[in-house]
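1. Sequence and computational prediction follow.
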Amino acid sequence: RVPVGGCKRLRIAEPAAQAKPEVQRKGDIWSVAVDGVDLNLWIPPHLQELRGLLIKPADKKVSDQQTAWTAAVAAWGLGELGMLLRDMNRGNRPKILSDALRKALPLLAEASRHKELPDLPFAALGFSKGGGWARDLSRIQADRAIGYVNVCCLMGGDPNKAAQEYLNVPGM
């Protein structure tokens, strides 16, 4: 019943707070999904502190099995981070990947107790679209990127005509 001269107040529903993405652990691999990007991080078990990350922006597969690859990554003191955008036709892929990386690293740092993760330098590598995404991720986060390896993809055109932002990070 509405009192005379009064009005009913409507309760406006508040948007539900977005749930914090949950980090999963299987062995020495930490996984999280952020904004439609799946990220998997392998941390060599003997490392107390990581020196950097090796990022594969179009390949979420990482392994904790003993291989020449994992032995090299571990010897260099790195973690290996695989990423994959679920909908590859969605919007500005380099920005989506960069934003997901910035959001995921603090979550992975908290779960793995490697507090250095959000600030680590990285090198990126990829084949085909992964090569382009490695280049673009490195360009967007040039303050942290050491370099990128771009296998079988455009490097950004003629270096003599390239925008300065493409020349800030060395590429192979």
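-> Ah, there it is. Residues are numbered from 1 along each chain as shown.

2. in the chain, which segments are predicted with low confidence?
-> Across the chain, the ranges flagged by pLDDT under 70 are 1-18, 152-170, 172.

3. Which residue ranges of it form helices?
-> Secondary structure of the chain (DSSP state H): helices at 68-75, 93-112, 129-140, 164-167.

4. mind putting these in a markdown table, distance to residue 42 and mean neighbour count included?
-> The C-beta positions use only the backbone N, C-alpha and C, and glycine is treated the same way. Compiled in a markdown table, those are given as follows (distance: least, Cβ to Cβ, whole Å; neighbours: other Cβ atoms under 10 Å):
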| stretch | distance to residue 42 | mean neighbour count |
| --- | --- | --- |
| helix 68-75 | 7 | 13 |
| helix 93-112 | 10 | 19 |
| helix 129-140 | 17 | 24 |
| helix 164-167 | 29 | 12 |
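
5. Need those in a markdown table (columns: distance to residue 56).
-> A markdown table is the format used below for those (distance: least, Cβ to Cβ, whole Å):
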| stretch | distance to residue 56 |
| --- | --- |
| helix 68-75 | 11 |
| helix 93-112 | 11 |
| helix 129-140 | 6 |
| helix 164-167 | 20 |
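
6. wait, which of these is closest to residue 121?
-> Across the helices of the chain, residue 121 has its closest neighbour in helix 129-140 (10.8 Å, Cβ to Cβ).

7. quick one: that closest one to chain centroid distance?
-> 11 Å (Cα atoms, centre = their mean, to the nearest Å).

8. Return the list of helices and strands in contact with it.
-> Counting contacts by 3 or more Cβ pairs under 8 Å, 6 or more residues apart in numbering; DSSP states H and E, helix 129-140 packs against strand 52-56, helix 93-112, strand 122-127, strand 145-151, helix 164-167.
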